[in-house]
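*Asks:* predicted model and sequence below, questions to follow.
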Amino acid sequence: MRNLTLKNLRAIEAVLKHGTIAGAANAIGLTPSAITIQLKQVEEEAGLLLFDRTNEGLRPTAAGYAFVDAARTIEERLRLLDDELDAIKGLRAGTLTLGCVSTAKYFAPHLMATFKKEHPDISITLSIGNRAEVISSLKNHEIDIALMGRPPKDLPLSSSIFGDHPLVMVAAPDHPLAEKRGITKEEIAREHFLIRERGSGTRISLEIFLSEIPGKLDDLGTEMASNETIKQAVMAGLGVAFISAHTIAMELEYGKLTMLDVIGMPIRRQWFSVMRTDRTLSPAMAAFQDFLRRRGAQCLPFFDRLYPEVTG
């Protein structure tokens with residue numbers, strides 16, 4: 001494959017992303033015929049089809065995925081080269097693409113702002129999505145570092161804890177259980193829950209917590225697409241929610257929501273920074289990882305007496 005060019009690889013990646021020759025051509029500023037020629041050249045060189053031609057568009061073959069993976073690896077290495085050249089020149093510049101699950105968006109801007117005070121010349125891009133979307137971005141080499149609550153196990157990743165992640169049960173301030181102390185698991189299980197989509201970290205933790213209650217997981221509650229919608233629904237009295245404490249700091253401060261005193265809660269989880277192990281660590285990535293180790297926990301919302309005091 002010594003005749004392979006960056007233009008070839010970028011064309012293949014664009015076809016994968018857009019599914020059609022026309023879409024790929026429009027995305028990278030070439031004509032459809034130029035894309036077709038480049039694709040044909042690579043297929044002839046490889047001796048394999050890179051895409052199956054179907055009625056729904058072009059679908060990558062195993063060889064197509066291999067070429068796209070190579071393209072993304074090369075693009076990453078070229079971006080790292082830019083950072084290395086800046087370092088040689090004595091510059092402290094660089095780029096960093098962060099991905100975070102939607103729950104982390106409540107503290108990610110503060111985290112970024114604090115990091116920028118130490119490294120003003122590093123340019124940061126933030127991408128927010130649900131858990132599945134962030135994992136997909138990691139898989140496709142679209143982000144450098146992900147901030148999430150539970151790292152996936154099916155990718156070559158390294159992860160580091162940078163802070164505590166408490167999960168709590170909340171209700172409207174006038175809820176019948178708002179003033180009750182020592183609410184049992186059986187009592188809270190009788191409530192109607194407002195829950196995130198399947199696969200989300202908070203939902204999985206709630207399902208584990210309620211797994212001993214017969215039949216509860218068969219009718220857990222009403223599914224909602226975002227923490228913001230869930231919070232509004234709880235404030236309206238539509239049910240209770242099991243949610244990250246880091247998403248409700250403002251609502252607790254202004255008395256819009258209240259934390260229920262459920263036995264066994266809060267459930268203590270951690271926030272992780274996650275990155276692929278099969279890529280080179282750039283200076284910007286190393287600086288951010290070092291920052292998280294030193295100051296990441298300080299950038300998380302603080303809750304006085306969230307955990308019970310340990311005695312004895």
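*Replies:* Now that the structure is in, tell me what you want to look at.
*Asks:* element containing the nearest residue to Arg196 once chain neighbours are set aside, please.
*Replies:* Taking Cβ to Cβ, 6 or more residues apart in numbering, and ignoring the residues beside it in sequence, Arg196 has Arg203 as its nearest neighbour in space, at 4.8 Å. Where you see a C-beta, it was placed from the backbone N, CA and C, and this is true even at glycine. Taking DSSP states H and E as the definition, Arg203 sits inside helix 201-209.
*Asks:* could you identify the helix or strand that succeeds that helix?
*Replies:* Using DSSP H and E, the next helix or strand after helix 201-209 towards the C-terminus is strand 221-223.
*Asks:* show me what that next one is packed against.
*Replies:* Counting contacts by 3 or more Cβ pairs under 8 Å, 6 or more residues apart in numbering; DSSP states H and E, strand 221-223 packs against strand 193-195.
*Asks:* what does the strand it packs on rub up against?
*Replies:* Strand 193-195 is contacted from outside by 202-203, 206, 220-224, 230, 233-234, 238-242, using Cβ atoms under 8 Å, 6 or more residues apart in numbering.
*Asks:* now do 6 Å
*Replies:* Applying Cβ atoms under 6 Å, 6 or more residues apart in numbering, the contact partners of strand 193-195 are 203, 220-224, 230, 233, 239, 241.
*Asks:* tell me the buried residues in the lowest-mean-pLDDT helix or strand in the chain?
*Replies:* Taking mean pLDDT, DSSP states H and E as the measure, the chain has helix 62-88 as its least confident helix or strand, at a mean of 82. Neighbour-count burial for helix 62-88, with 16 or more other Cβ atoms under 10 Å as criterion, is recorded at 63-64, 67-68, 71-72, 76, 79-80, 83, 86.
*Asks:* ok, so of these, who is nearest Asn3?
*Replies:* The shortest approach to Asn3 among the buried residues of helix 62-88 belongs to Phe67, at 13.5 Å (Cβ to Cβ).
*Asks:* on the three-state scheme, the residue nearest to that closest one when sequence neighbours are not counted is what?
*Replies:* Nearest residue to Phe67 in three dimensions, chain neighbours excluded: Ile12, at 5.0 Å (Cβ to Cβ, 6+ apart). At Ile12 the chain is in helix, as set by DSSP: H, G, I helix; E, B strand; the rest coil.
*Asks:* circling back to that earlier point, for the helix holding Arg203, give the mean pLDDT please.
*Replies:* Helix 201-209 carries an average pLDDT of 89.
*Asks:* same question, stretch 27-43
*Replies:* For stretch 27-43, mean pLDDT rounds to 90.
*Asks:* go through that stretch and flag the buried ones.
*Replies:* For stretch 27-43, burial by neighbour count (16+ other Cβ under 10 Å) applies to 27-28, 30, 35-36, 38-39, 42-43.
*Asks:* same check on stretch 201-209?
*Replies:* Result for stretch 201-209 [16+ other Cβ under 10 Å]: buried residues 201-203, 205-206, 209.
*Asks:* follow-up on the earlier one: name the surrounding residues that touch the helix holding Arg203.
*Replies:* Outside helix 201-209, the residues that touch it by Cβ under 6 Å, 6+ apart are 149-150, 167, 195-196, 217, 242, 267.
*Asks:* and for stretch 248-263?
*Replies:* Where contact means Cβ under 6 Å, 6+ apart, the residues beyond stretch 248-263 that reach it are 168-171, 173, 177-178, 181-184, 188, 235, 301.
*Asks:* quick one: secondary structure of Asp52?
*Replies:* Criterion first, three-state DSSP; result for Asp52: strand.
*Asks:* give me the secondary structure label for the residue lying closest to it once chain neighbours are set aside.
*Replies:* Nearest residue to Asp52 in three dimensions, chain neighbours excluded: Arg59, at 4.7 Å (Cβ to Cβ, 6+ apart). Under three-state DSSP, the three-state class of Arg59 is strand.
*Asks:* and Arg59, what pLDDT?
*Replies:* On pLDDT, Arg59 comes in at 89.
*Asks:* what is the burial count for it?
*Replies:* 12 (other Cβ atoms under 10 Å).
*Asks:* these two touch, right, it and Leu50?
*Replies:* No - taking contacts as Cβ atoms under 6 Å, Arg59 lies outside contact range of Leu50: 10.2 Å.
*Asks:* count of neighbours near Leu58?
*Replies:* Look at Leu58: counted by other Cβ under 10 Å, it has 20 neighbours.
*Asks:* what do you get for Val134?
*Replies:* Neighbours of Val134 (other Cβ under 10 Å): 24.
*Asks:* mind listing the strands for the stretch 51-200 of the chain?
*Replies:* Using DSSP state E, counting those that start in this stretch, the strands found in the stretch 51-200 of the chain span residues 51-54, 57-60, 94-101, 122-129, 145-148, 157-171, 193-195.
*Asks:* of those, which is nearest Ala108?
*Replies:* Of all the strands of the stretch 51-200 of the chain, the one in closest proximity to Ala108, counting by Cβ to Cβ, is strand 94-101 (4.9 Å).
*Asks:* perfect, I'm done here.
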